[in-house]
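>>> Here is the input, now give the coordinates:
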Amino acid sequence: MDARTHRRRNQGFTIIELVVVIVIIGILAATALPRFIDMTGEAHNAKTEAIGGAISSGVNLSHASWIAQGATAAVNSATLEGGVTVGFNDSGWPENSNAGGGNGTATAGECVQVWNTLLTDPPSIATGTSAEWQATTDDTICTYTYNPVAGRSIAYNTSNGQIVVTVP
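Here you go, the predicted structure:
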């Protein structure tokens with residue numbers, strides 16, 4: 001081995017080798033980046049679906065408590081684990097957090113009560129857009145809209161307990 005060959009091995013990478021590596025890294029980044037950007041939308045969808053599932057479980061457990069107490073219009077409320085009270089309408093579905101029960105028509109304020117009663121450590125909610133979630137109502141349907149990203153909501157029908165989760 002002569003001195004020039006030995007010196008060449010100790011010099012490191014050539015500029016062409018560095019350019020090739022940079023191009024390969026650029027191609028990999030260009031193909032992987034859109035997948036990571038899309039993950040935030042999927043995370044918002046997963047959050048909405050998880051909360052929808054939790055509300056559905058709470059609604060069904062509360063209704064089961066109503067059935068266990070006799071399944072009559074005279075059963076107005078139940079005390080759930082943690083000491084919270086859920087108020088029922090005459091069909092036995094959660095409508096508010098009042099011991100006297102509900103009248104069959106939910107208000108936005110009652111929708112907030114259902115949210116805070118059925119969820120453990122619930123995300124912030126208000127009847128306006130000042131919180132992470134917004135509660136609105138249309139007679140018997142409580143709609144919970146996810147404010148940070150449009151198109152995500154949870155609808156709870158207080159007349160039959162149906163939960164509909166909407167994500168794009």
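>>> from what I can see Tyr146 touches Arg152, true?
Yes - counting by C-beta atoms under 8 Å, Arg152 is a contact partner of Tyr146 at 3.9 Å. Placement of C-beta: from N, CA and C, glycine included.
>>> between these two, what contacts are shared?
Shared contacts of Tyr146 and Arg152 (C-beta atoms under 8 Å, 6 or more residues apart in numbering): 44, 48.
>>> what about Thr127, distance to Ile163?
With distances taken as C-beta to C-beta, to the nearest Å, Thr127 is found 20 Å from Ile163.
>>> My error: substitute Leu118 in the last question.
11 Å.
>>> who has more neighbours, those two?
Leu118 (22 against 18; other C-beta atoms under 10 Å).
>>> How about the contacts made by the more buried one?
With C-beta under 8 Å, 6+ apart, Leu118 has these contacts: 54-55, 58-59, 62, 86, 94.
>>> same thing but at 6 Å, please
Taking C-beta atoms under 6 Å, 6 or more residues apart in numbering, we find Leu118 in contact with 55, 58.
>>> And for Tyr144, the neighbour number?
Tyr144, neighbours per other C-beta under 10 Å, totals 24.
>>> Skip the chain neighbours and tell me the closest residue to it.
Counting by C-beta to C-beta, 6 or more residues apart in numbering, Ile154 is the residue found nearest to Tyr144 once chain neighbours are left out, at 4.4 Å.
>>> partners of that neighbour in the sheet?
With beta bridges defined as DSSP bridges, Ile154 has these partners: Tyr144, Val165.
>>> ok, it touching Gly52?
Yes - using C-beta atoms under 6 Å, Ile154 is in contact with Gly52, at 4.5 Å.
>>> Can you check which residues contact both of those two?
The contact lists of Ile154 and Gly52 share Val165, where a contact means C-beta under 6 Å, 6+ apart.
>>> Those two - which one has more neighbours?
Neighbour tally, Ile154 and Gly52, criterion other C-beta under 10 Å: the higher count belongs to Ile154, 25 against 21.
>>> Pull the contacting residues for the more buried one.
52, 144, 165 are the contacts of Ile154 under C-beta under 6 Å, 6+ apart.
>>> Can you tell me the closest non-neighbouring residue to the most centrally placed residue in the chain?
Centroid check for the chain by C-alpha atoms, centre = their mean gives Thr48 as the closest residue, at 2.4 Å. Distance criterion C-beta to C-beta, 6+ apart; nearest residue to Thr48, sequence neighbours excluded, is Arg152 at 4.3 Å.
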